[in-house]
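**Q** Sequence below, structure please.
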Amino acid sequence: MRRITNIVGSVITLSAPLANQYLSTWPLNDTNDGPASIWLLDTTWDSNISIYGLRFDVNGELVLNGRTVQLYDVSVEDISAADISANQSFWSFYSSLGAPEIDKDIEFAGFFRSYASQVDIQSPSPNSMIVDNSVFGRLVGTPKNLQITNSKITNSSTLDLFVGPTGFGHGVSITADGLTVDAGNIPHRALDKSIFSFSSGVFTIPNANVANVRGALAMFVPGQKYYFSATDGTVCAPQTAFTVTGIDQDASNLNVRTDIVGSLPSPTCGGSPYFGYQPYGAATITQKFSGPADLTQFAAPP
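**A** Below is the predicted model of the structure:
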């Protein structure tokens, strides 16, 4: 989110550089989003909000929109969900957040000495997220960049941590230092190979197959790596990875361009033909003084 400070002809000046790259050539999806655009926010969003010592007991979502939102010693009951979805900056200090969902348009989110029974992250937003001295029952998905220190993710009955966004995009980096986590996995997001045709390093989907185009746009990110997988996201043998180099669209097809040279590989998974293509949890994952789960296994190869 940026303010427009000046407009001269076709040149628009912003208050600060953008955090990500946006291209006018990006494909158009069925909701008419896609190519680089400027969207107007309601003037009420441009606010700085600090909340101290309140207890929220509402049966539904607690919407926390604003340029900057800071919570201090705030309690949100488990029947509620803190909806953290439109912030340039969000901070939780000494707070209990119920089961928040974090996604959509967030540049930064931070949690210090905070608790949540479950945190859901569907997309690589926040752009950057810091968790320090906090306890989450589960972390279902990770953002674009995550730094987590001296914290616990622990749940006695279900899987503790899903590495990578659960619904959209691709994680870039995870750094864990002093993290206690018993078990981890990646979200199972593999796309069926049968929806694609392949030639000269390019996967193609007809534009008429709206659901398949939507699925491909949700998963493939230029510059990130993917692998051939089984239906449950298991890596096939031998491990076969590729990088998406670009995405474009013509009058007939969506084109996902890759660095695959020659014919399409055909690895097997447990003796059966591979199912499809799955994102890695993040491009890079580093951990020290953390575990017992080994999160580095979910990183893309160099």
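**Q** make it CA atoms for all contacts and neighbour counts henceforth
**A** Will do.
**Q** shaky segments in the stretch 1-150 of the chain?
**A** Across the stretch 1-150 of the chain, the ranges flagged by pLDDT under 70 are 30-32, 78-80.
**Q** give me that answer again for 90
**A** For the stretch 1-150 of the chain, the stretches with pLDDT under 90 are 1-2, 18-43, 56-63, 76-83, 85, 98-99, 103-105, 125.
**Q** now the stretch 151-300 of the chain
**A** Where the stretch 151-300 of the chain drops to pLDDT under 90, the residues are 154-159, 232-233, 237, 270-271.
**Q** can you give me the helices in it?
**A** Counting by DSSP state H, counting those that start in this stretch, the stretch 151-300 of the chain has helices at residues 210-219.
**Q** what about A19, how many residues close to it?
**A** 9 (other Cα atoms under 10 Å).
**Q** And for the one 4 residues further on?
**A** Neighbours of L23 under the rule other Cα under 10 Å: 10.
**Q** same question, R3
**A** Neighbours of R3 (other Cα under 10 Å): 11.
**Q** gap between the closest residue to N29 other than its chain neighbours and S199?
**A** Nearest residue to N29 in three dimensions, chain neighbours excluded: R214, at 6.6 Å (Cα to Cα, 6 or more residues apart in numbering). Going from R214 to S199 by Cα to Cα, to the nearest Å gives 21 Å.
**Q** Those two: who's more crowded?
**A** Shown here are R214 and S199; by other Cα under 10 Å, R214 has more neighbours (16 against 13).
**Q** Could you check how far the more buried one is from D33?
**A** 11 Å.
**Q** Check L18 too.
**A** With Cα to Cα as the criterion, L18 and D33 are 19 Å apart.
**Q** Ok, Q249 next?
**A** 13 Å.
**Q** And the two? Which one has more around it.
**A** Q249 (17 against 11).
**Q** That one bridge partners, please.
**A** L254 (DSSP bridges).
**Q** pretty sure it contacts N255?
**A** Yes: counting by Cα atoms under 8 Å, Q249 does reach N255; the two are 5.7 Å apart.
**Q** The residue nearest to the spatial centre of the chain in helix, strand or coil?
**A** Closest residue to the average C-alpha location of the chain: P124 at 2.4 Å, with Cα atoms, centre = their mean. Under DSSP: H, G, I helix; E, B strand; the rest coil, the three-state class of P124 is coil.
**Q** Thought T142 was touching it, still the case?
**A** Yes: assessed by Cα under 8 Å, P124 is found in contact with T142 at 7.2 Å.
**Q** Need the residues touching each of the two.
**A** Common contacts of P124 and T142 (Cα atoms under 8 Å, 6 or more residues apart in numbering): P165, G171.
**Q** In contact with the residue nearest to the centre of the chain: list those residues for me.
**A** Taking Cα under 8 Å, 6+ apart, one finds D103, T142, P143, K144, N145, P165, F168, G169, H170, G171 in contact with P124.
**Q** now with 7 Å?
**A** P143, K144, P165, F168, G169, H170, G171 (Cα atoms under 7 Å, 6 or more residues apart in numbering).
**Q** Present these as TSV; the columns should include distance to L64 and neighbour count.
**A** Putting these into TSV (distance: Cα to Cα, whole Å; neighbours: other Cα atoms under 10 Å) gives the following:
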residue	distance to L64	neighbour count
P143	18	31
K144	21	24
P165	21	29
F168	22	22
G169	23	23
H170	25	28
G171	24	30
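**Q** now these in JSON lines, with distance to V69?
**A** Listed next are those as JSON lines, based on distance: Cα to Cα, whole Å:
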{"residue": "P143", "distance to V69": "18"}
{"residue": "K144", "distance to V69": "20"}
{"residue": "P165", "distance to V69": "23"}
{"residue": "F168", "distance to V69": "24"}
{"residue": "G169", "distance to V69": "25"}
{"residue": "H170", "distance to V69": "26"}
{"residue": "G171", "distance to V69": "24"}
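**Q** Of the residues you listed, which is the nearest to I285?
**A** G171 (9.8 Å; Cα to Cα).
**Q** The closest one touches A282, doesn't it?
**A** Yes: between G171 and A282 there is a contact at 4.2 Å, judged by Cα atoms under 7 Å.
**Q** any residues in contact with both of these two?
**A** Contacts common to G171 and A282, judged by Cα under 7 Å, 6+ apart, are G164.
**Q** Can you verify N20 is assigned to a helix?
**A** No: under three-state DSSP, N20 falls outside any helix and is assigned coil.
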